[in-house]
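Build the 3D model from these lines:
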Amino acid sequence: MKLGLQLGYWGAAPPPNAPELVAAAEEFGFDAVFAAEAWGSDAFTPLAWWGSDTRRVRLGTSVVQMSARTPAACAMHALTLDHLSGGRFVLGLGVSGPQVVEGWYGRPFAKPLARTREYVSILRQVLAREAPVTNDGPHFPLPYQGPGSLGLGKPLRPITHPLRADLPIWLGAEGPKNVALTSEIADGWLAIYYAPRLAGMYDEWLDEGFAKSRQKGSTRSRENFEVAATCQVVVTDDPVSVRAQLKPFVALYIGGMGAPGMNFHAEVFTRMGYGEAVRDIGELFLSGRKEEAVQAVPDELVAEISIVGTAEHVREEIGRWEKAGVTMLLVGCRDMASIKAVAEACQ
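Modelled structure (predicted):
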């Protein structure tokens, strides 16, 4: 089982100890370090800044939001960081949700699957650098010839030669169609919430995508595909208290990180079998009763999506997650001692 340190996105200011965390992750054998973005800090700059002191760990985005930048601009970020890191960059993408896409980026959210397919296709073209990049799809037409166009657009290839045409592209996906698309066109799945109990269901979704990929002549399969699952891993003798500390984050994603009637995170937990709790949490959170929403998060839900307990328990659970198909755990350690404890439990 590989480990990835999830630095996440910033709050009101940068985390003061991020350089120490990145250094510790590399020292204690973590495979990768990831940065994220919401509607504040971006994900690329922290990796370039903090990653400049690393030599081994992969540097990934988990995730950058597709509506934040055009496919060509995203490819420029990716090939640049891949060169600067000596081929250690992993590009993790996500569609986000309508509140952020339309409210923050001012872009339409409709047809996220079709947009993702076009986006990744353009990225692949840029990284391959085999011909000038074109796209005749409706979402990211290249050259652009729509309203306001001067009709002078010219297909181009990147001036900079990408270091790797096969730079890994991972997708953050939650629903069955999105997960199937991920295994069809991407190199890895970033699962924000994962329950080993449902591995059979996830496998069905992934196998659908692999089958479509093979029909197009691809060699993509479970053997060369990564499943990176967000999972709080905490070595402790007091698991009850730690799980209680995790509940506010779960309540936020269920109740506050999506629009009423369209909350992809809430749907994940509904598919896990917590539909009644999801409804209660959502209603409480949206009515301003956030503390009650936190208390409504079931203990068993938190236990399913995290690994909390003694070193022996953690080691056993990591083995169970690995058997369920997970190849990397994305953990949110916030001090060096936690990084060391998790790394030792994985050995």
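
And the strands in the stretch 151-300 of the chain?
169-172, 188-191, 226-230, 232-235 (DSSP state E, counting those that start in this stretch).

For L284, find the nearest of those.
strand 232-235 (22.4 Å; Cβ to Cβ). Backbone N, C-alpha and C define where each C-beta goes, glycine included.

which residues are contacting the closest one?
242, 246, 305-311, 314, 318, 329, 331-333, 338, 341-342, 345 (Cβ atoms under 8 Å, 6 or more residues apart in numbering).

Kindly report the same for stretch 45-60.
Here stretch 45-60 makes contact (Cβ under 8 Å, 6+ apart) with 4, 7, 14, 18-19, 22-23, 25-26, 30-35, 61, 81, 84-85, 88-92, 170.

Let me know whether S121 touches T134 as I believe.
No - counting by Cβ atoms under 8 Å, S121 does not reach T134; the two are 10.3 Å apart.

quick one on the thing from earlier: of the contacts of strand 232-235, which belong to strands?
306-309, 329, 331 (DSSP state E).

remind me which residues of the stretch 151-300 of the chain are low pLDDT?
259 (pLDDT under 70).

rewinding a little: wait, which of the ones in strands among the contacts of strand 232-235 is closest to L286?
S306 (24.7 Å).

Number of residues surrounding the closest one?
For S306, the neighbour count with other Cβ atoms under 10 Å is 21.

Closest one to V278 out of the ones in strands among the contacts of strand 232-235, please.
Once Cβ to Cβ is applied, the member of the ones in strands among the contacts of strand 232-235 that ends up nearest V278 is S306, at 17.5 Å.

Could you check how far the nearest residue to the closest one once chain neighbours are set aside is from C333?
Nearest non-adjacent residue to S306, counting by Cβ to Cβ, 6 or more residues apart in numbering: Q232, 4.3 Å away. Shown here: Q232 relative to C333, a distance of 9 Å by Cβ to Cβ, to the nearest Å.

Please list only the buried members of the contacts of stretch 45-60.
Buried by 16 or more other Cβ atoms under 10 Å: 4, 7, 18, 22-23, 25-26, 30-35, 61, 81, 84-85, 88-92, 170, out of those.

Filter those down to the ones in helices?
Using DSSP state H, 18, 22-23, 25-26, 81, 84 are the members of those that sit in helices.

So E316, which state does it fall into?
helix (DSSP: H, G, I helix; E, B strand; the rest coil).

Hmm, G209 is touching E184, no?
Yes - at 3.7 Å, G209 counts as touching E184 under the criterion of Cβ under 8 Å.

what number of residues lie near Q347?
Around Q347 there are 7 residues (other Cβ under 10 Å).

try E20
Neighbours around E20, by other Cβ under 10 Å: 14.

Can you spell out which helices and strands pack onto the helix or strand that contains it?
In this structure, E20 sits in helix 18-27 according to DSSP states H and E. Applying 3 or more Cβ pairs under 8 Å, 6 or more residues apart in numbering; DSSP states H and E, we find helix 18-27 packed against strand 2-6, strand 32-35, helix 44-51, helix 336-346.

which helices and strands does the shortest one pack with?
Applying 3+ Cβ pairs under 8 Å, 6+ apart, one finds that strand 32-35 contacts strand 2-6, helix 18-27, helix 44-51, strand 58-61, strand 89-94.

how deep is the residue lying closest to G40 once chain neighbours are set aside tucked in, by neighbour count?
Once flanking residues are discounted, G40 sits nearest to W10: 5.7 Å by Cβ to Cβ, 6+ apart. Applying other Cβ under 10 Å, we find 17 residues neighbouring W10.

State the helix or strand in which W10 lies.
Per DSSP H and E, there is no helix or strand for W10.

Quick check: phi and psi on the residue nearest to L246 when sequence neighbours are not counted?
Nearest non-adjacent residue to L246, counting by Cβ to Cβ, 6+ apart: V302, 5.3 Å away. V302 adopts backbone torsions of phi -60, psi -40, taken as degrees, to the nearest 10.

I122 belongs to a helix?
Yes - membership of I122 in a helix is supported by three-state DSSP.

got a list of what it touches?
71-72, 75, 133, 135, 140, 142.

can you redo those as JSON lines with secondary structure?
Formatted as JSON lines, these follow (three-state DSSP):
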{"residue": "P71", "secondary structure": "helix"}
{"residue": "A72", "secondary structure": "helix"}
{"residue": "A75", "secondary structure": "helix"}
{"residue": "V133", "secondary structure": "coil"}
{"residue": "N135", "secondary structure": "strand"}
{"residue": "F140", "secondary structure": "coil"}
{"residue": "L142", "secondary structure": "strand"}
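
With respect to Y193, which of these is nearest?
Closest to Y193, out of all of those and judged by Cβ to Cβ, is P71, at 27.1 Å.

what residues are up against that closest one?
So P71 contacts 118-119, 122-123, 126, 135, 140 (Cβ under 8 Å, 6+ apart).

What are the structural domain limits within this protein?
Per the record, the chain has its domains at 2-233+309-346, 237-308, by automatic domain parsing.

just how off-centre is the first one within its chain?
Its chain's average C-alpha position is 5 Å from that of domain 2-233+309-346, according to Cα atoms, centre = their mean, to the nearest Å.

Repeat that for the last one.
Average the C-alpha atoms of domain 237-308, do the same for its chain, and the two points are 19 Å apart (Cα atoms, centre = their mean).

Much appreciated, bye for now.
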